[in-house]
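Participant: structural data only, the sequence is not supplied:
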């Protein structure tokens with residue numbers, strides 16, 4: 001049941017974040033407060049324990065999405081879906097070392113995000 005799925009969106013492009021939040025909410029997911037920095041993402045995960053994280057790679061703040069994800073996965077078994085405009089090999093390789101649930105290249109369509117979320121959750125053991 002999607003309404004029980006809590007999603008954290010980490011995106012510093014405000015309009016893109018609002019659009020994703022609106023569309024995922026319409027699809028029945030529960031979307032927490034939006035965050036724009038890796039530091040805020042780490043803090044929010046500790047507070048809310050989301051089921052899935054949608055993580056941009058280039059973020060406002062000191063650390064990027066890959067570093068934030070590294071810190072998060074060292075403490076929690078939460079699937080991370082990277083969303084990025086960067087498709088260069090170095091960025092992709094850094095991200096792939098964390099075994100993300102998905103690596104989506106922008107511009108992305110909402111159906112791609114929903115499909116990645118559903119696949120990530122299907123691969124997780126039951127709580």
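Facilitator: Happy to help now that I have it. Since the structure is predicted, the reported quantities are computational estimates derived from the model, not experimental observations.

Participant: any idea how far residue 95 is from residue 33?
Facilitator: Counting by C-beta to C-beta, to the nearest Å, the gap between residue 33 and residue 95 amounts to 24 Å. Backbone N, C-alpha and C define where each C-beta goes, glycine included.

Participant: which of those two has more neighbours?
Facilitator: Higher neighbour count among residue 33 and residue 95: residue 95, with 22 against 11, using other C-beta atoms under 10 Å.

Participant: so the more buried one touches residue 55, yeah?
Facilitator: No. Taking contacts as C-beta atoms under 8 Å, residue 95 lies outside contact range of residue 55: 9.1 Å.

Participant: okay, and the common contacts of these two?
Facilitator: Shared contacts of residue 95 and residue 55 (C-beta atoms under 8 Å, 6 or more residues apart in numbering): 69, 82.

Participant: quick one, strands of this protein?
Facilitator: 6-10, 30-31, 52-56, 80-84, 102-105 (DSSP state E).

Participant: now do the same end-to-end measure for stretch 82-98.
Facilitator: Length of stretch 82-98, first residue to last, C-alpha to C-alpha, to the nearest Å: 10 Å.

Participant: my error: substitute stretch 66-80 in the last question.
Facilitator: 10 Å.

Participant: residues contacting that stretch, please?
Facilitator: Under the contact criterion C-beta under 8 Å, 6+ apart, stretch 66-80 has outside partners 10, 38-39, 41-42, 45, 49-53, 55, 57, 59, 63, 82, 91, 94-95, 98, 100-101, 120-121, 123-124.

Participant: great, nothing more from me.
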